[in-house]
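> with the sequence up front, the predicted model follows.
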Amino acid sequence: ASALTDPRLAGAAVVATGFCAGLVPGMHPGDLVVAEETRDPRGTVTCSGAGPLARALARALPGRAVHTGLLTGADHVVRGAERTALRATGAIAVDMESAATLWTAARIPMATAGRRPVAAVRVIVDAPEHELVRIGTVRGGISAFRVLRAVLPAFHDWHRSLPLPRR
């Protein structure tokens, strides 16, 4: 949060990136998740420009699946029946950082009027058919890291699409 209170970043957008667990059958390690909103016990944060961001990611990584929807937060690794219960709430993926990061970022005032643009892009490391405890986890993690490293140009496209004050 301290970086966001820096006056030089008063109009900055925030993107939470990293890894997640997919909750929808058919998801695979290396697939991307673009949050339309994030949720944790404190509440829900609506993300900015999920559609344009998902399209930019699809252009940056042709052939890579990009899923959009609710990204829910947890304070521990979620497996088995707990994943099924989260899926029943409408969530498509779960991670441990995005909801908290965006909740904080959305509440720090901007120098200009309006809400700070926030987004979350996660790469799936494990999914219903590929849970963390399986032997392929290391391979899935390496694949997910490579995908995350390749998406930086899409973040630039998303940022350019936002109505931010230009410096």
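The structure has been received and is ready for your questions. Numbers count the residues shown, from 1 in each chain.

> relative to the whole chain's centre, how far out is the helix or strand harbouring G69?
Here G69, judged by DSSP states H and E, is contained in strand 66-73. Relative to its chain's centre, strand 66-73 lies at 7 Å (CA atoms, centre = their mean, to the nearest Å).

> please report how far R83 lies from A150.
If you measure R83 against A150 using CB to CB, to the nearest Å, the figure is 27 Å. Every C-beta, even on glycine, is put in place using the N, C-alpha and C of the backbone.

> more crowded one of these two?
R83 (22 against 14; other CB atoms under 10 Å).

> excluding chain neighbours, give the residue nearest to G43 in space.
Closest residue to G43 apart from its sequence neighbours, by CB to CB, 6 or more residues apart in numbering: W103 at 7.1 Å.

> got the buried residues for whichever helix or strand comes after the strand holding G69?
In the C-terminal direction, the helix or strand that comes right after strand 66-73 (DSSP H and E) is helix 80-88. Within helix 80-88, the residues that qualify as buried by neighbour count (16 or more other CB atoms under 10 Å) are 83, 86-87.

> ditto for stretch 47-65
Residues 47-50, 52-58, 60-61, 64 are the ones in stretch 47-65 that count as buried (16+ other CB under 10 Å).
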